[in-house]
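Asks: Sequence plus the predicted model coming up.
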Amino acid sequence: MTPPGWHPDPGYSGNGPAQERWWDGAQWTGHVRASPGAARRRGIRIGVGVTVGAVVLAAIGGGVYLLGKDGGPPGTAASSPSAVPDPPGAPDDGEKGGEGNGGENGDGQGPGGQLPPTEPGFATDLAAGISLPVPQGWKGTSGAVGAGLTTGEHACPGDTAETCVRGGVFSAPAAAMKLTAGTPEEAAKKDIALNAQESYGGKSYGKISSHEELKSEAVTVAGGKGYVVRWKVVTEKGDDGYVESLVFPSPTSKDMLVVVRSGFDVNKDAPKLSVLDDITRGIKAASGAGGGAGGAV
């Protein structure tokens with residue numbers, strides 16, 4: 001579990017000066033500061049509704065999380081500073097900022113310059129304590145908070161100036177997205193509508209006219225009892241899509257829920273749904289992070 005410290009801001013939209021936000025060990029606080037070596041980066045729009053940094057998907061700020069209209073994860077805002085005593089190096093009130101643009105470290109480092117562990121064939125989410133298997137031909141990116149997989153870049157149907165992908169899978173600790181439902185089932189059922197809207201309800205695909213539930217069931221992921229919900233959505237522009245919200249306990253911290261959001265276009269050039277199932281089965285505890293490993297059944 002990632003200890004308290006400065007991390008790329010979850011509200012970063014890819015525009016303006018980069019910032020870091022304070023993670024108190026359980027939640028994001030309202031404290032922000034300029035990111036060291038901050039530089040403006042142009043993000044890309046991908047088919048599952050994420051604006052991602054051009055260099056990495058490090059932490060939330062690099063775009064691992066599905067970004068809302070305000071540039072932050074859907075339904076989120078910086079939480080109030082924690083009531084627990086601040087650790088050394090914690091910000092004081094003078095460093096507390098507003099909700100503007102956040103930032104990202106170009107190297108995706110965690111506290112004290114800690115880099116996510118690297119493992120061939122996997123993208124690691126250090127905070128969640130998991131690794132996502134990278135399918136052949138896909139791009140995988142590890143981060144101090146979050147990890148992502150993408151494939152099939154193309155011009156977005158509703159905004160050709162932006163870049164979309166045919167498939168994307170992204171992980172995040174549920175607390176960082178302010179997803180506070182108590183059980184994996186409750187969280188997955190709550191998250192799927194947000195996932196669908198952020199994935200296919202924006203200007204890149206137009207509004208969602210309808211959806212069909214394809215799956216809603218318990219699943220074991222990385223040795224933990226989780227829950228998955230999958231929808232097929234009908235869009236106004238371009239391809240329809242499949243969206244999935246998977247929630248399960250972190251293999252390294254049983255009190256932490258992990259959210260994995262996925263989106264695949266319904267298109268002959270998009271990955272088959274069997275690839276999404278393979279990714280789910282291949283999720284495991286991050287190498288060296290402790291805890292048990294194991295796939296989904």
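Replies: Alright, I've got the coordinates.
Asks: where are the low-confidence patches of this protein?
Replies: 1-3, 11-19, 30, 32-118, 288-297 (pLDDT under 70).
Asks: Can you identify the helix in it that spans the most residues?
Replies: Scanning the chain for the longest helix, with DSSP state H as the assignment, gives helix 184-200.
Asks: Return the list of helices and strands in contact with it.
Replies: With contacts taken as 3 or more CB pairs under 8 Å, 6 or more residues apart in numbering; DSSP states H and E, helix 184-200 sits against strand 208-221, strand 224-235, strand 241-249, strand 257-265. (Each C-beta comes from the backbone N, C-alpha and C, glycine too.)
Asks: Let me see the contact set for the residue lying closest to residue 196 once chain neighbours are set aside.
Replies: Nearest in space to residue 196, with sequence neighbours left out and distances taken as CB to CB, 6 or more residues apart in numbering, is residue 243 at 4.8 Å. By CB atoms under 8 Å, 6 or more residues apart in numbering, the contact list for residue 243 reads 48, 192, 195, 196, 199, 200, 230, 231, 233, 261, 262, 263.
Asks: what pairs with the last one across the strands?
Replies: This means residue 263. residue 168, residue 243 (DSSP bridges).
Asks: count of residues packed around it?
Replies: Residues lying near residue 263 (other CB atoms under 10 Å) number 29.
Asks: Residue 257 and residue 188 touch, don't they?
Replies: No - contact between residue 257 and residue 188 fails when scored by CB atoms under 8 Å: they sit 9.5 Å apart.
Asks: what residues are shared contacts of those two?
Replies: Contact with both residue 257 and residue 188 is made by residues residue 247, according to CB under 8 Å, 6+ apart.
Asks: more neighbours, these two?
Replies: Neighbours were counted for residue 257 and for residue 188 using other CB under 10 Å; residue 188 has more, 30 against 27.
Asks: picking that back up, which stretch among the helices and strands packed on helix 184-200 comes nearest residue 158?
Replies: Closest approach to residue 158 among the helices and strands packed on helix 184-200 is made by strand 224-235 (8.8 Å; CB to CB).
Asks: and that closest one with helix 184-200, angle?
Replies: Here the directions of strand 224-235 and helix 184-200 differ by 30 degrees (axes from the mean of the first three to the mean of the last three CA atoms, to 10 degrees).
Asks: Buried residues, strand 224-235. List them.
Replies: Under the neighbour-count criterion of 16 or more other CB atoms under 10 Å, strand 224-235 has 224, 226, 227, 228, 229, 230, 231, 232, 233, 235 buried.
Asks: of all the residues you listed, which comes closest to residue 286?
Replies: Among the buried residues of strand 224-235, residue 224 lies closest to residue 286 (CB to CB), at 13.7 Å.
Asks: Check the spacing between that closest one and residue 27 real quick.
Replies: For residue 224, the distance to residue 27 equals 21 Å [CB to CB, to the nearest Å].
Asks: cool, residue 285 as well?
Replies: As judged by CB to CB, residue 285 and residue 27 stand 23 Å apart.
Asks: a markdown table for the helices and strands packed on helix 184-200, including distance to residue 139?
Replies: Listed next are the helices and strands packed on helix 184-200 as a markdown table, based on distance: least, CB to CB, whole Å:
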| stretch | distance to residue 139 |
| --- | --- |
| strand 208-221 | 22 |
| strand 224-235 | 23 |
| strand 241-249 | 19 |
| strand 257-265 | 15 |
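Asks: For residue 164, find the nearest of those strands.
Replies: strand 257-265 (8.0 Å).
Asks: Which elements pack onto the following helix or strand past the closest one?
Replies: In the C-terminal direction, the helix or strand that comes right after strand 257-265 (DSSP states H and E) is helix 273-282. The helices and strands touching helix 273-282, judged by 3+ CB pairs under 8 Å, 6+ apart, are strand 130-133, strand 163-173, strand 241-249, strand 257-265.
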